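>>> Coordinates for the following, if possible.
(2 chains)
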Amino acid sequence: MYVVHTALTKTSRMSKKILEVKNLTMDFGGVRALGGVDLDVKGGEIVALIGPNGAGKTTFFNCVTGIYYPTKGDILLHTPGRQKPKSLKGLKPNQVTVAGLARTFQNIRLFSQMTVLENVMIGRHCRTKAFIFGALFRTKSTRQEEKEIIDYSYSILEKVGLADLANEYSKNLPYGAQRRLEIARALATDPLLLLLDEPAAGMNPQETNELVTLIQNISSGGQSILLIEHDMKLVMTLSERIFVMDYGRKIAQGTPDEIRNNQEVIKAYLGEELDA
Amino acid sequence: MLMDFDYFRELFFSGLTRGAIYALIALGYTMVYGIIGLINFAHGEIYMIGAFTAFIAATIFSILGFPALAIIILAGVCAVIWSASYGYTIEKIAYKPLRHAPRLSPLISAIGMSIFLQNYVLLAQTSDFLPFPALIPDFDFMEPYAHIVGSTDVVILATTTVIMIILTFIIKYTKVGKAMRATAQDRTMATLVGINVNRIISATFIIGSSLAAVGGLLIASHIGQINFYIGFIAGIKAFTAAVLGGIGSIPGAVLGSVILGLTESFATGYVSSDYEDVFAFSLLVLILIFKPSGILGKADNQKV
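Modelled structure (predicted):
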């Protein structure tokens, strides 16, 4: 009964675009936080969005996930099996999640008063049907559905290596584990595209290495990922393509090698040389 | 002064019954506060409307010649449906448009709604006290214990207990309950995992109003008369109970209600019935001085 997008394997994946952002512009009063950014993610790909602090990366995520309503531009999601792409512009965050985008946050936002398992189950919420009447009368389909949610949530917890801690309160987890739980909760919504906002922020090298392995595992199942990250080693290791932003504009895009040697990018990060 | 044990027991059960009714109303306050951080002052009116609906429905069904048990159940169902639709509508009209306004605005809106509903019922019905039929029959098997606890008290306590168990189950184990807790903890994040927050808020109002309607039916049947003003006093008392137990906390609302009910009952029985409210509100003042977050309330640490 679930649409399992992750069924595409790495080898058989289509290189069709799944997310297409066109000319995305966001003004806060007189301040232009995003000035016409274009970006696209293909099926099964890991794409990174990088840039100095204040470049507009998180604003970009907030526009795409419906937290902000962009001033101009469009966000198109190509759902497999559908002819026309769906525009996400103007949808509420919960509708964007249902459409197939899931995200994590730069600062962890777990439901701290809930257990690890419940945090993942809540992510499953949007893919199931039962509402209050089913819950009250315990219909057969509701019980069946609840069992499926629990099984599915456990399988995701196993994937991120948290199955042993399922009944622990999420606030009691170590930092690295909380990050992985956020990813698990996002995965539970069965997204077409997973958005990770600085997943390695605040992690020690050991935790970062584990995270790289985790992201690679998720990606090898065919999951498309768009990530914001400052850890360049992580970005260069994981990404197939990189978009670079500065002052709300896209200044470069390409493979890790192309980006590494791009003069614009070096300038944005290190400043211009003053030899004249 | 009488200190015999039977008298004590009588006061104890009457306090417990009172507490059970307060709990049914207090839960609505505490659930709504937990989710949208609003003191829903119109909640007492929902309870009053529940009592009126039950009154009208019971009259109609008894004219139609239904048996006693059918009357009480049908009147209860009518009261729940009608009050729940009021709760739902009030939220849509008076609170939803103010979701992003400063905290004071929805509070004023709630007080306005409360006054409006009181006057609406005053105009539509009457300002007189209406005699409410004793819907709960005296059970034969209760006969030997009748001097300690009446049939009505037993029905009220049993109904409240069952409702609490169902509510706890809903909140702890069902999807709706999880979504409610998630919304209470972090509304933005809840939408980002795909929860339709508006629907969850509506569900909260519907559940809270249904509980208040059951409370209205039970207490009206217990006391035997209703008028348009009963919601105000009951609402203030239930609000006190919710604050006493720690507003936002569901077990807190129940505990606070029971403590309040017992305090009132013993104060009335051993001191004077004139001081009933004095004791109730002195208790509130003491709790607020020594533990402002309430008995089971947590310090406000994660509301941003």
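
>>> my guess is residue A:255 contacts residue A:235, does it?
No: using C-beta atoms under 8 Å, residue A:255 is not in contact with residue A:235, being 11.7 Å away. In this view, the C-beta of every residue, glycine as well, is placed from N, C-alpha and C.

>>> From chain B, how far out is residue A:241?
With distances taken as C-beta to the nearest C-beta, to the nearest Å, residue A:241 is found 25 Å from chain B.

>>> Poorly predicted segments of chain A, please.
Within chain A, the ranges that satisfy pLDDT under 70 run A:1-15, A:129-138, A:272-276.

>>> Residues of it that sit close to chain B?
Neighbours of chain B within chain A, by C-beta under 8 Å from any C-beta of the partner chain: A:65, A:67, A:92-94, A:97-98, A:102-103, A:105, A:109, A:111-114, A:118, A:121-123, A:125-128, A:130-132, A:135-136, A:146, A:149, A:185-186, A:188-189.

>>> neighbour count winner among residue A:255 and residue A:235?
Per other C-beta atoms under 10 Å in any protein chain shown, whichever of residue A:255 and residue A:235 has more neighbours is residue A:235, with 20 against 12.

>>> Please report how far the more buried one lies from chain B.
Remark: distance between residue A:235 and chain B (C-beta to the nearest C-beta) = 24 Å.

>>> residue ranges with poor pLDDT in the stretch 201-304 of chain B?
Along the stretch 201-304 of chain B, the parts satisfying pLDDT under 70 run over B:298-304.

>>> tally of neighbours for the residue in it that chain A sits nearest to?
At 5.9 Å from chain A, residue B:203 is the closest residue in the stretch 201-304 of chain B, using C-beta to the nearest C-beta. Using other C-beta under 10 Å, residue B:203 has 23 other residues around it.

>>> ok but it is inside a strand, no?
No: under DSSP: H, G, I helix; E, B strand; the rest coil, residue B:203 falls outside any strand and is assigned helix.

>>> show me where the stretch 201-304 of chain B has helices.
Assigned by DSSP state H, counting those that start in this stretch, the helices in the stretch 201-304 of chain B fall at B:230-245, B:250-266, B:276-290.

>>> Residue in the stretch 101-250 of chain B with the shortest distance to chain A?
For the stretch 101-250 of chain B, C-beta to the nearest C-beta, closest residue to chain A: residue B:194, 2.7 Å.

>>> Now for that residue: which residues touch it?
Neighbour list for residue B:194: A:94, A:97, A:98, A:123, A:125, A:126, A:127, A:189 [criterion: C-beta atoms under 8 Å, 6 or more residues apart in numbering or on different chains].

>>> What distance do you get for residue A:95 to residue A:194?
18 Å (C-beta to C-beta, to the nearest Å).

>>> For these two, indicate the residue with more neighbours.
Legend: neighbour count by other C-beta under 10 Å for residue A:95 and residue A:194, higher for residue A:194 (24 against 16).

>>> Pretty sure the more buried one sits against residue A:102.
Yes: Residue A:194 is within contact range of residue A:102, at 5.7 Å (criterion: C-beta under 8 Å).

>>> Now for these two: what residues contact both?
A:186, A:187.

>>> mind checking the SS state of residue B:82?
Following three-state DSSP, residue B:82 is assigned to helix.

>>> Next, find the distance separating the closest residue in space to it that isn't next to it in sequence from chain A.
Nearest-residue entry for residue B:82: residue B:53, 4.3 Å, with adjacent residues in sequence omitted and distances by C-beta to C-beta, 6 or more residues apart in numbering or on different chains. In this structure, residue B:53 and chain A are 21 Å apart, going by C-beta to the nearest C-beta.

>>> element containing residue B:53, please.
Residue B:53 belongs to helix B:43-63 when assigned by DSSP states H and E.

>>> Can you point out the buried residues in that helix?
By neighbour count with 16 or more other C-beta atoms under 10 Å in any protein chain shown, helix B:43-63 contains the buried residues B:43-58, B:61-62.

>>> Tell me what angle it forms with helix B:230-245.
Helix B:43-63 runs at 130 degrees relative to helix B:230-245, counting by axes from the mean of the first three to the mean of the last three C-alpha atoms, to 10 degrees.

>>> and helix B:43-63, what's its mean pLDDT?
Mean pLDDT, helix B:43-63: 92.

>>> Return the residues in contact with residue B:248.
Residue B:248 makes contacts with B:30, B:33, B:34, B:184, B:297, B:298, as judged by C-beta under 8 Å, 6+ apart.

>>> switch to 10 Å and redo it
B:29-35, B:37, B:184, B:242, B:293-294, B:296-298, B:300, B:303 (C-beta atoms under 10 Å, 6 or more residues apart in numbering or on different chains).

>>> do the same with residue A:25
Counting by C-beta under 10 Å, 6+ apart, residue A:25 has contacts A:32, A:33, A:34, A:35, A:36, A:37, A:63, A:70, A:71, A:72, A:73, A:248.

>>> Over to it. Which of the three states is it?
Under three-state DSSP, residue A:25 comes out as strand.

>>> Next up, the contacts around the residue nearest to it when sequence neighbours are not counted.
When the adjacent residues along the chain are set aside, residue A:25 lies closest to residue A:72, with 3.9 Å between them (C-beta to C-beta, 6+ apart). The contact partners of residue A:72, by C-beta under 10 Å, 6+ apart, come to A:22, A:23, A:24, A:25, A:26, A:27, A:34, A:35, A:36, A:89.

>>> Please identify which helix or strand holds the first one.
When elements are assigned from DSSP H and E, residue A:22 belongs to strand A:17-28.

>>> Show me what counts as buried in the helix or strand just after that strand.
Per DSSP H and E, the first helix or strand lying C-terminal to strand A:17-28 is strand A:31-42. Neighbour-count burial for strand A:31-42, counted by 16+ other C-beta under 10 Å, picks out A:32, A:33, A:34, A:35, A:37, A:39, A:40, A:41, A:42.

>>> Tell me which other helices or strands strand A:31-42 touches.
Counting contacts by 3 or more C-beta pairs under 10 Å, 6 or more residues apart in numbering or on different chains; DSSP states H and E, strand A:31-42 is packed against strand A:17-28, strand A:46-50, helix A:57-64, strand A:72-77, strand A:224-228, strand A:241-246, strand A:249-254.

>>> Now do it and strand A:72-77, the angle between them.
Using the same axes, to 10 degrees: strand A:31-42 against strand A:72-77 is 30 degrees.

>>> partners of strand A:31-42 in the sheet?
Sheet partners assigned to strand A:31-42 using DSSP bridges are listed as strand A:17-28 (antiparallel).

>>> Now do the buried residues in the strand it pairs with.
A:17, A:18, A:19, A:20, A:21, A:24, A:25, A:26.

>>> In space, what's closest to the residue of the stretch 1-150 of chain A found nearest chain B - neighbours in sequence excluded?
Relative to chain B, the nearest point of the stretch 1-150 of chain A is residue A:126 (2.7 Å; C-beta to the nearest C-beta). Distances taken as C-beta to C-beta, 6+ apart place residue B:194 nearest to residue A:126, at 2.7 Å, with adjacent residues excluded.

>>> Run a quick neighbour tally on residue 174.
I'll assume chain A. Residue A:174 has 10 nearby residues by other C-beta under 10 Å.

>>> actually it's chain B I care about, not the one you picked
20.

>>> Buried ones in stretch A:102-122, by neighbour count?
Residues of stretch A:102-122 classed as buried by neighbour count (16+ other C-beta under 10 Å): A:102-105, A:108-122.

>>> Tell me the residues that contact both of residue A:255 and residue A:235, please.
Here residue A:255 and residue A:235 have residue A:242 as joint contacts, going by C-beta under 10 Å, 6+ apart.
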